[in-house]
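Novice: A predicted structure for the sequence below; I have some questions about it.
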Amino acid sequence: MALEILNKDKKEVRVYENSVELSTELADYMEGLSDVSIKERGVFCVALSGGSVIRLMRKLCEVPYNKTVDWSKWYIFWVDERVVAKNHVDSNYKLAKEHLLSKLPIVPSHVHSINDSLTAEEAANDYEFVIRQLVKTRVVNVSEISDCPKFDLILLGLGPDGHVASLFPNHPILEEKNEWVTYITNSPKPPPERITFTLPVINSAANVLVVATGGGNAEAAHMAIDDVGPEFPVLPARMVQPGAGKLVWFLDVEAASKVERGMLKLVDFGFAEWFGMSKSGTMSGVVGTPYYVAPEVLSGLEYDEKCDVWSAGVILYIMLVGCYTSTTDFWTRKFSLQIDITVDLYPVTSPSYPQAFLVGQQTWHQRLGHPGSEVLRSQGADTAYLLLYVDDIVLTASSSDLLQQIITSLHARYATEVLDRAGMLNCKPCRTPVDTDSKLSADGAPISDSTLYRSLAGALQYLTFTRPDISYVVQQLYSSTTSSLVAYSDADWASCPTTRRSTSGYCVFLGNNLLSWSSKRQFTLSRSSAEAEYRGVANAVAETCWLRNLLRELHTPLATATLVYCDNVSVVPTKSVAVVDEILNMDEEFRMLYDSINLNVVNNNTSDPMFSLWNINKLTFLMMELRVEKCQKDKPKKIFFVNSIFRTLVADLVFDGVNISIPRKVVEKVSTRFEHTLYGYFIGKRMAFPVVEYYARNNWAKHGLKRIMMNSKGFFFFKFDSRAGLEAVLEGGPWLIRKSSDILKKLFDGSEIAQRRMTRLRYGLNCIDVPIQSFFERIEADLVDVVTIGIPSLSEDDFTKETICVEYEWRTPRCDTCKIFGHVHDYCPKKVVSPPIVATSNVVLPL
Ligand SMILES: O=C1O[C@H](COP(=O)(O)O)[C@@H](O)[C@H](O)[C@H]1O
């Protein structure tokens, strides 16, 4: 995550804490560019520099980029090269080969290095010829604004003298307008003979990244980026100004140390949603109590000379302090939140007030030692300060009048926005805005837009700080009649890049009200995503236990069990199979969790169609029913049986003769995702993924192989960029990889559901360790042996059927007469005589 992103006159400057951060973000950024370009043009043409930028690209060779980037579509060029042999220590090619190309599966014929057997002039001409051929065949795009090639990405390093590529300050080739590639024989930096792209070519690229680290480049970066005035020489790096493309500078803090912040413009990151609410909703629901600090607090604080930059009448500082969670999302959203406030405050202060000053986390820590305890002050008669600390706001000013003015003005504006959102801007005001006699209750028609209702209620609550007169009304609105406690938990396995620890979070709702939430890095390392997920669920469970006890102490005990949702299917079998032993050994918290839950098999009605698909295939969507009562020692055991722990598999019966119908939109979505995709599996021993990947890339790249995936069942998926490529591979089979044969079949090819070549596959669902109590409850539905799924056809009004066999490791006997579990007909209290039950291998009858 960038410490700062500065928008400066057609260029973006990204500042990173160190070169490791920079390297990761650079890889991320490049992957994004590559994806876009490959999607748009089918190829990605990158021109590399030499020097430090190559080492800074090293993350591309690591997971996930070495796997996720479609390297087969990359074409490599060089922005500049030294006239030396390819194996010479000065060769830019050698550097890239050693640190990058040898570690990535780039097609060798896509690597266009500069001919090292020619003179500088000949090599420049030769290279230009090579590029011209590739422009003709449209591998390299052509610029719309010049007659130059348009590389998808040009990567430039920066020399301390401000040179980029082999374009050195004051050198005549800076003026070269006709050639694409030129040469010099008098480079101030050895070796003297070099070949380089000219400025018109660089400035015709779709994307140019200038990458620099270290204090040695700080002056050059400043001179190239900032508006330094005519008295300073124009550095080559400053002349990099892509006409129709995008220029981004990637700097570490040291290289950026001299770049002026006084001219910063804040960038809106465009995140409009937070917890599913709009920004204004976010303000109302999440931003906590604002603290208004008396002006006296300012006395005695140190003068910050940086404020000289801000000699306007009123100076406002937006401080970015700390970060509530390590997740990028939260951080980014915080940015956008602050920016909103900045914009809001401008009119309060001065219409001519230039810009706000955003202080990055690191700067803040350096200045204040620890976050959140002090405010800065500035010179000038009237000064206001706003400090944001996670979800707290501290606002102060050098005069009470100004402080009051800001608060009133902010809240007036805020109230207007709330009214606007409620569509009540034109309503007439009244003294008593609510009928004090009637009470809101569960009776009556429910509110149609509950999200808007929640958002408005939260927004009004916030307003009561300055409008105590509406407190009663707001309290009326906010009171909730719902008494169910529901928690949602999620975990991101090994997501911290430094410690490889997982992050997990939860949010707990009482009825419709968000009561508590958390997003934290876990304390311990998890060896699997299930483990991380389990820890996350355990945290959520602990929180809900606490909340239930709290509610009991408040004399409002909850009558219903608490539901804890989590989205990881692997946690379901965790309760069921041997893994549970391992998990139970890990920690007490799991023991608590294990004791606390029972699993439900329910139909998935999640709104995300993708999500639905995978789970529908497994027949279940994980839902854990937390039975907190069971943990409580003082409760009698019978509570264990209070709620049904199995629910009927509910499905919209669209197709005849099936138990579950997959929604058409699910099939559509998956069909698009898996368009031109073959899938296959190995008969016999399964091949390791890298082996298959290597084989497929080598043999099928020519047919437009785009991506290879493998699922946990050992199925391989091969995505091609066209139907023709897919057909070619299919026709060319059967394929023998290390003598093991692989069956390939079409998956969803366009609108057509798989044309079946194999005999039907049977999926099995094991129900192991089903809690005994489930059998003793009066369950209307049967524990079925076979479930049939209907998959709609996209091309016609038809569907195909798939079956899933359900196997029970153990099943309690069931009376086939009274249909009650736990006894067979011989023991039926109704003593109805019926034929004897035949025992099967997985049915255990009582002795
Ligand atoms: O000589 C050269 O120097 C620049 C900058 O290199 P760096 O090591 O200071 O980053 C480089 O971009 C160029 O390709 C190379 O030929």
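Specialist: Nice, thanks for sending it over.
Novice: only C-alpha atoms for contact and neighbour calcs from this point on.
Specialist: Fine.
Novice: what's around the residue of the stretch 101-250 of the chain found nearest the ligand, how many residues?
Specialist: Residue of the stretch 101-250 of the chain nearest the ligand, by C-alpha to the nearest ligand atom: residue 157 (3.5 Å). The tally of other residues near residue 157 (other C-alpha atoms under 10 Å) stands at 23.
Novice: Could you pull up phi and psi at it?
Specialist: Torsion angles at residue 157 (phi, psi; degrees, to the nearest 10) stand at phi -90, psi 180.
Novice: Kindly provide the distance from it to residue 55.
Specialist: 11 Å (C-alpha to C-alpha, to the nearest Å).
Novice: now the residue of the stretch 101-250 of the chain closest to the ligand: how far from residue 40?
Specialist: 27 Å.
Novice: circling back to that earlier point, what do residue 157 and residue 55 both touch?
Specialist: Common contact partners of residue 157 and residue 55 (C-alpha atoms under 8 Å, 6 or more residues apart in numbering): none.
Novice: Secondary structure element for the closest residue to the ligand within the stretch 551-700 of the chain, which one?
Specialist: Nearest residue of the stretch 551-700 of the chain to the ligand (C-alpha to the nearest ligand atom) works out as residue 697 at 30.9 Å. Following DSSP states H and E, one finds residue 697 within helix 689-700.
Novice: what mean pLDDT does the helix or strand following that helix have?
Specialist: Next along the chain after helix 689-700, taking DSSP H and E as the criterion, comes strand 705-710. The average of the pLDDT scores along strand 705-710 is 84.
Novice: The following helix or strand past strand 705-710: partners in the sheet, and parallel or antiparallel?
Specialist: Downstream of strand 705-710, the first helix or strand assigned by DSSP H and E is strand 716-720. Sheet pairing of strand 716-720 (DSSP bridges) gives strand 677-682 (antiparallel), strand 705-710 (antiparallel).
Novice: now the angle between helix 689-700 and strand 716-720, please.
Specialist: 30 degrees (axes from the mean of the first three to the mean of the last three C-alpha atoms, to 10 degrees).
Novice: heads up, I number from 33, so please use that
Specialist: Will do, 33 is the new start, and the previous item becomes strand 748-752.
Novice: And stretch 192-201, what's buried?
Specialist: Neighbour-count burial for stretch 192-201, counted by 16 or more other C-alpha atoms under 10 Å, picks out 193, 194, 195, 196, 197, 198, 199, 200, 201.
Novice: got a list of contacts for it?
Specialist: 81-82, 111-113, 188-190, 205-206, 219-220, 226-230, 248-253, 256, 266-269.
Novice: beta partners of the closest residue to residue 114 other than its chain neighbours?
Specialist: Spatial nearest neighbour of residue 114, excluding adjacent residues (C-alpha to C-alpha, 6 or more residues apart in numbering): residue 226 at 4.4 Å. Beta-bridge pairing for residue 226 (DSSP bridges): residue 114, residue 216.
Novice: Correct me if wrong: residue 226 contacts residue 217.
Specialist: Yes. Residue 226 is within contact range of residue 217, at 6.4 Å (criterion: C-alpha atoms under 8 Å).
Novice: Sort out which of the contacts of stretch 192-201 are in helices and list them.
Specialist: Within the contacts of stretch 192-201, residues falling in helices by DSSP state H are 250, 251, 252, 253, 256.
Novice: Would you tell me which one of those comes nearest to residue 489?
Specialist: Residue 489 has its nearest neighbour among those in residue 253, at 49.4 Å by C-alpha to C-alpha.
Novice: Enumerate every residue touching that closest one.
Specialist: Contacts of residue 253 by C-alpha under 8 Å, 6+ apart are 190, 194, 287, 288, 290, 291.
Novice: Repeat the analysis, applying 10 Å as the threshold.
Specialist: Contacts for residue 253 (C-alpha atoms under 10 Å, 6 or more residues apart in numbering) come out as 190-194, 242-245, 247, 267, 269-270, 281, 283, 287-291.
Novice: and residue 725, how far is that from residue 748?
Specialist: 9 Å.
Novice: more crowded one of these two?
Specialist: More neighbours surround residue 748 than the other of residue 725 and residue 748, with 24 against 19 (other C-alpha under 10 Å).
Novice: tell me what the host helix or strand of residue 87 is packed against?
Specialist: Using DSSP H and E, residue 87 falls within helix 84-88. Judged by 3 or more C-alpha pairs under 10 Å, 6 or more residues apart in numbering; DSSP states H and E, helix 84-88 is in contact with helix 51-73, helix 124-131, strand 185-189, strand 239-244.
Novice: Now render those as TSV, adding distance to residue 556.
Specialist: What follows is the helices and strands packed on helix 84-88, written out as TSV (distance: least, C-alpha to C-alpha, whole Å):
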stretch	distance to residue 556
helix 51-73	23
helix 124-131	34
strand 185-189	39
strand 239-244	36
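Novice: ok so, going back, may I ask which of the ones in helices among the contacts of stretch 192-201 has the most neighbours?
Specialist: Ranking these using other C-alpha under 10 Å puts residue 253 first, with 30 neighbours.
Novice: Which residue, other than its chain neighbours, is closest to residue 171?
Specialist: Closest residue to residue 171 apart from its sequence neighbours, by C-alpha to C-alpha, 6+ apart: residue 75 at 7.0 Å.
Novice: Next, count neighbours for that neighbour.
Specialist: The burial count for residue 75: 23, using other C-alpha under 10 Å.
Novice: which residues are common contacts for residue 226 and residue 217?
Specialist: Joint contacts of residue 226 and residue 217 (C-alpha under 10 Å, 6+ apart) are 114, 115, 152, 153.
Novice: isn't the last one right next to residue 216, touching?
Specialist: Meaning residue 153. Yes. Using C-alpha atoms under 10 Å, residue 153 is in contact with residue 216, at 8.3 Å.
Novice: if we can go back for a sec, count residues in the vicinity of the residue of the stretch 583-732 of the chain closest to the ligand, would you?
Specialist: Residue 729: 20 neighbours (other C-alpha under 10 Å).
Novice: Give me the neighbour count for the residue nearest to it when sequence neighbours are not counted.
Specialist: For residue 729, ignoring the flanking residues on the chain, the nearest one in space by C-alpha to C-alpha, 6+ apart is residue 737 at 7.0 Å. Neighbours of residue 737 under the rule other C-alpha under 10 Å: 25.
Novice: again, but for residue 582
Specialist: For residue 582, the neighbour count with other C-alpha under 10 Å is 13.
Novice: Now for it: which residues touch it?
Specialist: Neighbour list for residue 582: 576, 588, 589 [criterion: C-alpha under 10 Å, 6+ apart].
Novice: Show me the one in those that has more neighbours than the rest.
Specialist: Result: residue 576 is most packed of the contacts of residue 582 (other C-alpha under 10 Å), 25 neighbours.
Novice: mind checking which helix or strand it is in?
Specialist: helix 561-585.
Novice: Now that helix: buried residues?
Specialist: 561-577, 579-580.
Novice: Noted, bye for now.
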